[in-house]
Structure formats: structure tokens, C-alpha cells
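**Q** fold the following, please.
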Amino acid sequence: MSAAEGPLVVGVDTSTQSTKALVVDVATGDVVASGQAPHTVSSGAGRETDPLQWWDALREALHQCGDAAREAAAVSVAGQQHGLVTLDAQGAPVRPALLWNDVRSAPQARRLVEELGGPKAWAERTGSVPGPSITVTKWAWLAEHEPESVRTTAAVRLPHDYLTGLLTGLGTTDRGDASGTGWWASGTEAYDEEVLGHVGLDPTLLPRVVRPGEVVGTVRDSADLPFSKGTLVAPGTGDNAAAALGLGLRPGTAVLSLGTSGTVYAVSTRRPADPTGTVAGFADARGDWLPLACTLNCTLAVDRVAALLGINREAVEPGTSVTLLPYLDGERTPALPHASGLLHGLRHDTTAGQLLQAAYDGAVHSLLGALDLVLDEDADRSAPLLLIGGGARGKAWQQTVRRLSGRAVQVPEAKELVALGAAAQAAGVLTGEDPAAVARRWNTARGPVLEAGERDEAALARIAGVISDAAPLLEREADQR
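**A** Predicted coordinates:
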């Protein structure tokens, strides 16, 4: 391990497919050690993971960090949003966690919106209109389909809450992750008793929402964890709020995150409430807001198309008039939970590379369509888009975003921004600093800029036309096909 200038902290990112841990020097932002371990997600109609896999992966990732983790003075866990973790009276999982991309609760989402005042009322109440990704709909699905699981549940947590609780022995969450549940009211910044009562969820089963910057506890003594006694534990947060911290975002700067899901977001000082449901009005981890639009199909969907074609993910070719909507998992933006992939305009001379480019175009189109709704009126729309996530370093992703947005694109050099944001949060509880200011001091957003080019209006219009014309197919439930 290289010599550190300041104290060390650990930032954790427990994502859909793996858990990563970074040991970071608070003084410089240098990553002095890292570890990563995978977990699995079920296939088929549902998307589930046994939470014990997350704990095993966290322990493995920390052990890979070696002595550096033992020297850390604070730790923070960021995690995939929305997942429903149900625990019994002994703290063991009742069943596998229902993940954010499990869309089986689409009927429950529709009913909840109708039964509690409609989209506008929900947006004003919680900041978001519930779709099948939002946690409250998953609880409603569980109550309807697995009532015995509900009766056995003694605690309800989100993924980051679950791991933070295993570290500290306490039940806590933060405003950023709580704002994605559908049972946290953004106006009052408290749990919404009417929503909880409507879905039959006892508020005593929920974790305490801690304040930004609060020390939630210390790591419990455990031979399985390479932490020293007294290591501080920060609140943690959801993955997108953590990435915003990791970039040190100021209000108005737009981010496109290309991962298993694709997201567009920006920090705002105004509380969002979009009645169309396109923009989720999440809170950030500091005290501001994080309006966000999310798609279910991003890098994995495009990679799947490349695999089906038998070509490399970068083997795109220009000059196509074919449209491919890669809605392989249903879709959240646009709201088409029952959709599947759709191909239109195939010709004899269409190449595999053109089909792959069409998949990129279809994935990026949904994100860009929500960008104007995410940004405040006073945002600088000429500023570069920050491109992050697993796909951000792919040339095909970079050029597709640049071509379809008509804007400059900046790709931060820093990797693992979710874990870095968690590390900045851990640094904040250690030093009393604003974690976003910590990340700016670390210069995490530094990276090359691709200059703006002409926006491909023809491609955007063609994709929008196919979505409109194919609406009856895209909206049809699976058993009707």
C-alpha cells in the first residue's frame, strides 16, 4: 500500500451485479486499495437477489483491500435504489430481495396511482409517480401474492440500509434513498402515514431517516470484517445520489449514467414534482434535490443485441434507417413495463453493425427525451453532458450521445463514482466537510471533452415516430400477445 497523506475512508457500491469497495485517502482522493465481488440476479419474470449475497460480496471486497481497510477511520455504503428487503425477527431475509428492475408490480403501481389521487397528487406528495420500480409497489405486490412473507416480515429495508444495518446493528436510511420508496413524503421529509396505511405497512418496520452528515454508528466487532474498533459509519445513500456526491455536482449540471440502467439527473435547489411520471423527484444526500429519469434498458440490453449479432459492442456502422427499441426488460422511460424489443425498417442491405448502432440509438433516445424535464429553467444547456457509468468509456456510447444530443460530452477520468461518492460521504462525517466539496477537492469530474456536433434530428424523429406508431404493441401485456 502506498503511503497516504491523510486518514483513510472506505466507500462501498453495492450495485445490481457486484459489490465494490474503495479505500480512499481523504487528503488527496487517491484510491489506495480496492476490491470487488459478484452476486447473481434471477432471470425470468422477476429480478431477485438473496441479500446474503450482498453481505458475502461486501466481506470479500473488503478483504481484498487488505490492511488499508483495517486502517480506515470511516465507511459508507451506497446501493442500488428501490429494492425491497424483508427481514424476520432475527434479522434474516424472509425471501430474496425484489430489485429495482423487477416489473411484476406494474398492476399494483397503476392501482396505487388511481386509489390515492392520481399522478399529480402523487408527484406533489412524494415527488414521483409510482411505477413498478418504486418500492411501495413491490410491497403491494408482495402483500397480494405472498401474504405469508408479509406476515413474517419484522423489518423493511433498502439494499444500502441492509448492509449499513449489518455493519452497525441499527436500522437507518437516508433521505436520498428513502425518496425512492414512494412512502417518504418529499414536502415534509417524513414517512407518509396515509400511503403506509393504504398498503398495510407498519411504519415501525421502517428504518430511521438520519440527517445528512450524521454518524449513524460504528462498525460492530466482527472477525469477518477487516475494520478497527470504533470505525465510523456514515448514512450511506442510493447509487445515483452517491454518484452525484462523487462528481461534486453543482445545481444544473446534467449527468447521463450508462449502466445496467440508464439515468439522466442533475442537482436542483427546487423540489421536483412531475405529474407525467417521467422525472422522479428524488432527494439528494446533502439537502437539495435530484430530479432523475431512468430507463431499464441500457448497457446490458445493447450488449445482448451485440451478442445476438455475434459482433463486438464497438462494431457499429453508420448509415442506417432501421429502428431498434431495445426494451428487453420492459421499459420505465417511456412507461412501457410490458414492452419487449422491437425492430422496424429491416432491409436486405442492413448490416449487423447498423443494427447494433440502432440499438444504441434506441437506448439513448429515451434518456435524451427526458433531459429537458430534468434540468431547471436556469440550467446551462450548452455545458457538456457528464457521461458516467460502465458504458461511458465506450466510443460507441460516447459518439451516440454526442450525435443525438448535439451537445459536448465530458467523460470523467475517475472510475467507480458511486463508491467514490460513498467515500466522500464517509470523509464528510470524519472531517465535518460537505461531501460534494470533498469530491470537488479530489477533482473527480476531470476528464476529456468531446466537442459538440450537429444534432441528428432525423434519427430522433424516426425513433419517436416508431414508438408512437407501435404503441398498441408496446403497451400490450404479455398474455395478450
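
**Q** which other helices and strands contact the helix ranked longest in the chain?
**A** The longest helix of the chain (DSSP state H) is helix 352-369. Secondary-structure packing of helix 352-369 (3 or more Cβ pairs under 8 Å, 6 or more residues apart in numbering; DSSP states H and E): strand 262-265, strand 289-295, helix 299-309, strand 323-325, helix 395-405, helix 457-469. C-beta coordinates here come from the backbone N, C-alpha and C atoms, glycine included.

**Q** for the helix or strand of the chain with the lowest mean pLDDT, the distance to its chain's centre please.
**A** Within the chain, no helix or strand scores below helix 371-374, which has a mean of 81 by mean pLDDT, DSSP states H and E. A distance of 17 Å separates the centroid of the chain from that of helix 371-374, by Cα atoms, centre = their mean, to the nearest Å.

**Q** buried sites along that helix?
**A** 371, 374 (16 or more other Cβ atoms under 10 Å).

**Q** counting by contacts, list what it packs against.
**A** Looks like helix 371-374 contacts strand 262-265, strand 289-295 (3+ Cβ pairs under 8 Å, 6+ apart).

**Q** now the first one: average pLDDT?
**A** Averaging pLDDT along strand 262-265 gives 90.

**Q** what are the pairing partners of that strand, and which direction each?
**A** strand 255-258 (antiparallel), strand 289-295 (antiparallel) (DSSP bridges).

**Q** look at A223 and report its pLDDT.
**A** For A223, pLDDT reads 62.

**Q** and for A3?
**A** As predicted, A3 sits at a pLDDT of 66.

**Q** S340 now?
**A** So, for S340, pLDDT stands at 94.

**Q** now do it against L325, distance only.
**A** 9 Å (Cβ to Cβ, to the nearest Å).

**Q** which one of these two is surrounded by more residues?
**A** Legend: neighbour count by other Cβ atoms under 10 Å for S340 and L325, higher for L325 (28 against 17).

**Q** show me what the more buried one is bridged to.
**A** Beta-bridge partners of L325, as defined by DSSP bridges: L342.

**Q** that one contacts Y360, correct?
**A** No - assessed by Cβ atoms under 8 Å, L325 is found out of contact with Y360, at 11.8 Å.

**Q** for the longest helix of the chain, give the mean pLDDT please.
**A** Helix 352-369 carries an average pLDDT of 94.

**Q** what sits closest to G281 if chain neighbours are left out?
**A** Take G281 and drop its neighbours on the chain: the residue closest to it by Cβ to Cβ, 6 or more residues apart in numbering is G127, 2.7 Å away.

**Q** that neighbour against F282, yeah?
**A** Yes - counting by Cβ under 8 Å, G127 does reach F282; the two are 6.7 Å apart.

**Q** these two: which is more packed in?
**A** For the pair G127 and F282, the greater number of neighbours falls to F282 (29 against 26), based on other Cβ under 10 Å.

**Q** strand partners (parallel or antiparallel) of the helix or strand containing that one?
**A** Per DSSP states H and E: F282 is located in strand 280-283. According to DSSP bridges, strand 280-283 has the following sheet partners: strand 289-295 (antiparallel).
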